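In: structural data only, the sequence is not supplied:
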């Protein structure tokens with residue numbers, strides 16, 4: 001007498017796999033046509049409406065979940081300076097670097113001013129609406 005897993009292994013698994021061989025797209029299509037022919041016209045319109053609403057919601061969620069990656073790496077390279085530089089060399093290098101620093105500050109100030117103006121425009125619009 002066998003006990004355990006060996007006894008359970010005697011049954012054929014082929015019988016269970018034959019389940020999918022009974023499925024046919026043609027029979028499924030005929031079954032769907034039979035089902036839809038038994039429905040009233042208003043039920044079909046509600047079916048179409050339900051499919052459209054559901055599809056729209058799924059599309060909206062999928063479309064809204066995509067966004068551009070806003071992060072752009074700002075790599076800053078550090079220049080190595082000698083330890084035995086004189087004060088005159090340091091001041092000369094600062095004078096060379098000053099126009100680039102001023103341009104970066106001006107660019108940042110312009111971005112901040114543009115953002116400030118957009119917030120002010122939104123605030124004015126909300127004030128006009130009484131919010």
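Out: It's in. Note that the structure is a prediction, hence the values are computed from the model and not measured. Residues are numbered from 1 along each chain as shown.

In: the residue most central in space within the chain and residue 40, how far apart?
Out: Nearest to the mean C-alpha position of the chain, counting by CA atoms, centre = their mean, stands residue 66 at 2.9 Å. To residue 40, residue 66 is 40 Å away according to CB to CB, to the nearest Å. The way it works is simple: take the backbone N, C-alpha and C, and place the C-beta from them, glycine included.

In: how about residue 128?
Out: 51 Å.

In: try residue 26
Out: From residue 26 to residue 40 the distance is 26 Å (CB to CB).

In: which phi and psi does the nearest residue to residue 47 once chain neighbours are set aside have?
Out: Nearest residue to residue 47, sequence neighbours excluded (CB to CB, 6 or more residues apart in numbering): residue 39, at 7.7 Å. Per-residue torsions, residue 39: phi -90, psi 150 (degrees, to the nearest 10).

In: residue 105 too?
Out: Dihedral angles (degrees, to the nearest 10) for residue 105: phi -70, psi -40.

In: just give me the neighbour total for residue 104.
Out: Here the number of neighbours of residue 104 (other CB atoms under 10 Å) works out to 10.

In: nope, residue 85 is what I was after
Out: The burial count for residue 85: 11, using other CB under 10 Å.
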